[in-house]
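[1] 3D model of this:
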Amino acid sequence: MARKTVPPPASEAPAALPKSLEGHVILPDRLSMIAPHVAMLAATALAVGNELPLQADIGDYVRVLDQEAR
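    Numbering: from 1, shown residues only. Predicted structure coming up:
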């Protein structure tokens with residue numbers, strides 16, 4: 001009979017790192033400052049990607065981001 005594992009309570013479960021931060025050792029207090037910025041950058045990249053055609057290159061991304069910043 002296979003043993004069923006029970007996940008730890010949410011307060012004890014380690015927070016999942018964004019993919020871009022995997023493999024790095026980040027102190028919890030710094031991670032709490034970094035994580036919102038990483039989430040914002042990911043959301044921005046997704047929004048810009050949704051506006052551009054599939055053949056878009058990095059120059060297209062930069063152009064759109066520059067226009068949005070103005």
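
[2] Poorly predicted segments of this protein, please.
    Counting by pLDDT under 70, the chain shows low-confidence ranges at 1-16.

[3] got the residue ranges for the helices in it?
    28-51, 58-69 (DSSP state H).

[4] can you put these in CSV and add mean neighbour count?
    Every C-beta, even on glycine, is put in place using the N, C-alpha and C of the backbone. Putting the helices of the chain into CSV (neighbours: other C-beta atoms under 10 Å) gives the following:
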stretch, mean neighbour count
helix 28-51, 12
helix 58-69, 11
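
[5] Let's have those in JSON lines, adding distance to residue 21.
    Listed next are these as JSON lines, based on distance: least, C-beta to C-beta, whole Å:
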{"stretch": "helix 28-51", "distance to residue 21": "7"}
{"stretch": "helix 58-69", "distance to residue 21": "21"}
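
[6] Go through those and name the closest to residue 17.
    Nearest to residue 17 among the helices of the chain is helix 28-51; the distance by C-beta to C-beta comes to 7.7 Å.
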